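1. Here is the input, now give the coordinates:
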Amino acid sequence: MKQIGLFLVFATSLAFAQQSAAPVQITPLPPKPACTPILRKGNCAELWRNYNQAVAQRLGEQIKIYADRQAQLASAPLQQQVTDLTKLTADEQTQIKNLQEQMQADSAAALQEKSAAHRDGLEYGSGIGTGIMLLICGVIFGLRNFSVTKKPQSRAASA
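-> Numbering: from 1, shown residues only. Have a look, this model is predicted:
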């Protein structure tokens, strides 16, 4: 009788596990014997033994289903964490890819700016060099054509 009471307690608490879990074959219960066993042997005692054995087997199956369901429920948060971490990893990989593309674009832009600055510097330096060279040529040309003539000293002053 203890087994039947235990069975009823677990049967009510396991009802949700049977509904939400995948369909599992549970041992069917034979009909409860209507007779009262008087002797240890006999047809009625055999019916009760078979019935109690089926109840115990069914109870074990329901406990296993319950334990499996609890393990599944306990692993659900871990599965959610794994899913979240997988999504986070994918997001971070996308962000890394975007940052690498941005770095390549920035590098190309910096190289273009550097070459433009180099070209501008060469043009500016060439302009200054050309100007200085023209100035020097002008000074040399001017000095060449500029001759210092001595003023004739008056003869009166010398005699």
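
2. Which residue, neighbours along the chain excluded, lies closest to residue 33?
-> Among residues not flanking residue 33 along the chain, residue 47 sits closest, at 4.0 Å (Cβ to Cβ, 6 or more residues apart in numbering). The C-beta positions use only the backbone N, C-alpha and C, and glycine is treated the same way.

3. Could you tell me how many residues sit around residue 25?
-> By other Cβ atoms under 10 Å, the residues close to residue 25 number 6.

4. That one: what secondary structure?
-> Of the three states, residue 25 takes coil under DSSP: H, G, I helix; E, B strand; the rest coil.

5. Could you pull up phi and psi at residue 41?
-> phi -110, psi 150 (degrees, to the nearest 10).

6. And for residue 101?
-> phi -60, psi -40.

7. Tell me who's in contact with it.
-> Neighbour list for residue 101: empty [criterion: Cβ atoms under 8 Å, 6 or more residues apart in numbering].

8. circling back to that earlier point, okay, and the residue nearest to residue 33 sits in which element?
-> Assessed by DSSP states H and E, residue 47 sits inside helix 43-145.

9. circling back to that earlier point, the residue nearest to residue 33 contacts residue 35, correct?
-> Yes: with contacts counted by Cβ atoms under 8 Å, residue 47 reaches residue 35, the gap being 6.8 Å.
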